[in-house]
Each structure stands twice: as C-alpha cells, then as structure tokens.
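**Q** sharing a model prediction with you, sequence too.
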Amino acid sequence: MPSVKVRNLKNKEVGEIKLPDEVFGVEMNEGLIHAAVRNYLANARQGTAKTKTRGDVRGGGRKPWRQKGTGRARVASIRSPLWRGGGRVHGPLPKDWSYKMPKKMRRGAIRAALSERLREGNLYVVEDMKLGGPKTKGFVDVMAKLGFFDGKKQEKTLLVDSLDNRDLVFSSRNVQKTKVVNSFGVNVYDVVYHDKIVLSKEAAEELASILDPKREKGVKEAE
C-alpha cells in the first residue's frame, strides 16, 4: 500500500496518508490509457463543420446560356462547383464522432494513469486547499511554495478538490496551465496531460472510494 506525505500550503510535512493498491498501485497499461484518451478526445469533438453543396447554395435556377450555338462550354447552373460562388464537392458535413467505452475500461485507465504519476513522484497530497480569499496573486504564491511555479517556468498542474472551494476556483481560473476539478471530474486525459497532480486529503480519500474496483463489483451484483 503506497504512502504519500501530506503537506500544507507552505510545503511543510504535516503527516502521511496511505493510498490503496487497488487504485494507486496498478501496473502501467499503455494500451488501455491510449484507448481511453482517444475515446475522450473523440467524445469532445463538436463535429459541426459544414460546407454548402450545390443544392444548398442560393441561385442558379436559370440556365446561364443556351446549350448549343454560343461556342462556349455547356453549363447547366452558375452554382456548379466549377464556378466561383458555387457549391463545394465532398466538403465536411455534421458528424457525431463520439463512441462508448466500457466504464470498467475507463476507470481502469484512470487508475493506471494515477498509479504511474505516483510512481514518478508527480502526485502530491495537501492537507487542504483553503486560501485566504479569491486572489490570483495568493494562489500563485502558494503554487510557488509548492514548487510548481518559479516565475519563468510553470508546471501543468491538475488540482483536485471540492468545487465548493470558491476561493480556489476563482483564484486559479486566470492562471494558465492550471485546472481545478472535483473527484468526480477526474478523467484520464487530464491526468496524462498535466505534469503534476495535487489532491487534497479529502479528495484523495474520495477518489480512492470512487475508483475502488470492489465497489464496481458490488454495483454489478446489486444490479
């Protein structure tokens, strides 16, 4: 069972927390993580790109000139794709790119990604994320004390805490490369994309409960 040192916002050790092997001690599964990331990105695609075909372009109802006798090429409509202002051939049309991925696979990918971040030493647990107020400068100072921001280089950081912590949400939304989610909002793409994962102690316990494989089996048996 891996253990992580708990720090406060001044980067001082205040304790230790043990994380379950079933969630934070899983073997690396690159193929599963890759499949989950592709699924996340596909589901995020809007698929609203659209061009007008010759049937959608206004005009072109009258034949521009007669079929024979003019010496020019025969033309049926000025909205032909060959003409300026005409329709487009084989252009993009609205499409739904999303597809379903089994819940067990998605959660398994998140467990594998979190476990790899922990093995790398890039997963941190803080006692709480209570700031003095919704101040961006105060948030940046805290990030600097934790070692994620030195004024020149900023680490891509994912903060996991309750969204009821309005001071944290408001203080961080103007800071680039920083994202705040709650335990239910953690996804495999964010875990892979961000260099550092910071969990509040409460969020770490809640995340361990949400991703517990035994809980999934219990839900399936109940169904």
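**A** Everything's here; your move. Residues are numbered from 1 along each chain as shown.

**Q** count of neighbours near residue 102?
**A** By other Cβ atoms under 10 Å, the residues close to residue 102 number 9. (C-beta placed from N, C-alpha, C; glycine too.)

**Q** residue 48 too?
**A** The number of residues packed near residue 48 is 9, by other Cβ under 10 Å.

**Q** wait, a helix at it?
**A** No - counting by DSSP: H, G, I helix; E, B strand; the rest coil, residue 48 is not part of a helix but coil.

**Q** which ones are touching it?
**A** For residue 48, the contact set (Cβ atoms under 8 Å, 6 or more residues apart in numbering) comprises residue 94.

**Q** go ahead and confirm residue 183 touches residue 211.
**A** No - when contacts are counted by Cβ atoms under 8 Å, residue 183 is not listed as touching residue 211 (9.0 Å).

**Q** make sure residue 154 is actually in contact with residue 177.
**A** Yes - applying Cβ under 8 Å, one finds residue 154 in contact with residue 177, separated by 5.2 Å.

**Q** any idea which helix or strand comes after the longest helix seen in the chain?
**A** Using DSSP state H, we find that the single longest helix of the chain is helix 103-120. For helix 103-120, the following helix or strand on the C-terminal side (DSSP states H and E) is strand 123-126.

**Q** which other helices and strands contact that next one?
**A** strand 3-7, strand 196-200, helix 201-210 (3 or more Cβ pairs under 8 Å, 6 or more residues apart in numbering; DSSP states H and E).

**Q** comparing these, which comes out most buried?
**A** Scoring the helices and strands packed on strand 123-126 by mean neighbour count under mean count of other Cβ atoms under 10 Å gives strand 196-200 as the most buried, with a mean of 23.

**Q** can you dump the C-alpha coordinates of it into PDB?
**A** Taking C-alpha atoms only, strand 196-200 is exported to PDB below (Å, rounded to 0.1, in the frame of the first residue of the first chain):
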ATOM      1  CA  LYS A 196       1.600  17.400 -11.600                       C
ATOM      2  CA  ILE A 197      -1.500  16.100  -9.800                       C
ATOM      3  CA  VAL A 198      -2.300  17.700  -6.500                       C
ATOM      4  CA  LEU A 199      -5.000  16.200  -4.300                       C
ATOM      5  CA  SER A 200      -6.500  17.500  -1.100                       C
END
